[in-house]
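Asker: this one's sequence-less:
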């Protein structure tokens, strides 16, 4: 693990470093802003266990009392899950939270930054942010995409959230040279669904192929992240037309209520959960666990290559 004045490591992560074991970064907004209690803390612990079962060590990342915590205790996970005083932290928020000794839950972008500072190469999440619908008017584009353009961390996810403009999200990533790699899939998964109308750039069949591609990119001096787009398991996927109609309804309500900026995603995910009577929350939990499994396996292969 890399030493840095603002980084604090859990005992488990430090021991992993001493033993040269692979470490997988996990975000914390899914705990504080993505799911209700107690499913949020239960899921966080289950995801960590999936990483362990597949040969790697989990490092859930958050900002607590102005320190970047790489790996959290059960008590810290509970605190994040229950507290109403957790700020959603992206790149722009890190200096404020750290200098003012605040608490923050890291988004995809912030988790990538912190993982890179700690020397962690693989990060597992649910879905990446992207270009929002009607971004040509609102300029609402997730900071996740800029982070992928410049930060050397692999992001294993179930594609981009289906509340976004997937076509423009892919165009943006292409412009910045970020490979979108389908894991046993030619189609870009859309979070709750296994497919979308859009194709990935390339396909890999197993963790070895993924690790070889990742390592080659960085050895060529091509900085920036990669997206491993891993579809939700078939038995938990929602039907494409059904979820499309639900999302349209949620988007219309967000527009009527003038919800914008970083409040859009939590509102839409909450509304989708309500309209699907909870089935979207179950899908969300299962896809994160599936990503943790594949992400840990890729981290093991990358460590072996190193």
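Answerer: All right, it came through fine. For clarity, every value in this text was computed on a predicted model and none was experimentally measured. Residues are numbered from 1 along each chain as shown.
Asker: which ones are touching the closest residue to residue 191 other than its chain neighbours?
Answerer: Distance criterion CB to CB, 6 or more residues apart in numbering; nearest residue to residue 191, sequence neighbours excluded, is residue 127 at 4.3 Å. Backbone N, C-alpha and C define where each C-beta goes, glycine included. By CB atoms under 8 Å, 6 or more residues apart in numbering, the residues touching residue 127 are 157, 158, 159, 160, 161, 191, 287.
Asker: surely the fifth one is in contact with residue 265?
Answerer: To tie it back to what came earlier, the one meant is residue 161. Yes: look at residue 161 against residue 265 with CB atoms under 8 Å: they come within range, at 7.0 Å.
Asker: spit out the residues that contact the two alike.
Answerer: What both residue 161 and residue 265 touch, as defined by CB under 8 Å, 6+ apart, is the set residue 129.
Asker: farthest-apart pair in the contacts of residue 127, please.
Answerer: By the measure CB to CB, 160 and 287 form the most distant pair in the contacts of residue 127, at 12.5 Å.
Asker: between these two, which is the more surrounded one?
Answerer: residue 160 (29 against 26; other CB atoms under 10 Å).
Asker: bridging residues for the more buried one?
Answerer: Beta bridges link residue 160 to residue 128, judged by DSSP bridges.
Asker: pull the contacting residues for it.
Answerer: 127, 128, 129, 130, 166, 169, 188, 190, 191.
Asker: can you check residue 61 too?
Answerer: The contact partners of residue 61, by CB under 8 Å, 6+ apart, come to 25-28, 68-72, 106, 110-111, 114-115.
Asker: A strand includes it, no?
Answerer: Yes: counting by DSSP: H, G, I helix; E, B strand; the rest coil, residue 61 is part of a strand.
Asker: any idea how far it lies from residue 94?
Answerer: 11 Å (CB to CB, to the nearest Å).
Asker: give me the common contacts of these two.
Answerer: residue 110.
Asker: all strands of the stretch 51-200 of the chain, in order?
Answerer: Along the stretch 51-200 of the chain, counting by DSSP state E, counting those that start in this stretch, strands occupy 57-64, 67-70, 87-89, 104-106, 122-124, 154-157, 180-183.
Asker: what comes into contact with the fourth one?
Answerer: In this structure, residues lying in contact with strand 104-106 by CB under 8 Å, 6+ apart are 27-29, 31-33, 61-63, 80, 86-89, 93-94, 97, 110, 114.
Asker: cutoff 10 Å now
Answerer: 25-34, 60-64, 66, 68-69, 80-81, 83, 86-91, 93-94, 96-98, 110-115 (CB atoms under 10 Å, 6 or more residues apart in numbering).
Asker: list the contacts for residue 46?
Answerer: Residue 46 neighbours (CB under 10 Å, 6+ apart): 39, 285, 288, 289, 292.
Asker: mind putting those residues in CSV, secondary structure, pLDDT and neighbour count included?
Answerer: Listed next are these as CSV, based on DSSP: H, G, I helix; E, B strand; the rest coil; pLDDT from 0 to 100; neighbours: other CB atoms under 10 Å:
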residue, secondary structure, pLDDT, neighbour count
39, helix, 91, 18
285, helix, 94, 20
288, helix, 97, 28
289, helix, 98, 18
292, helix, 98, 27
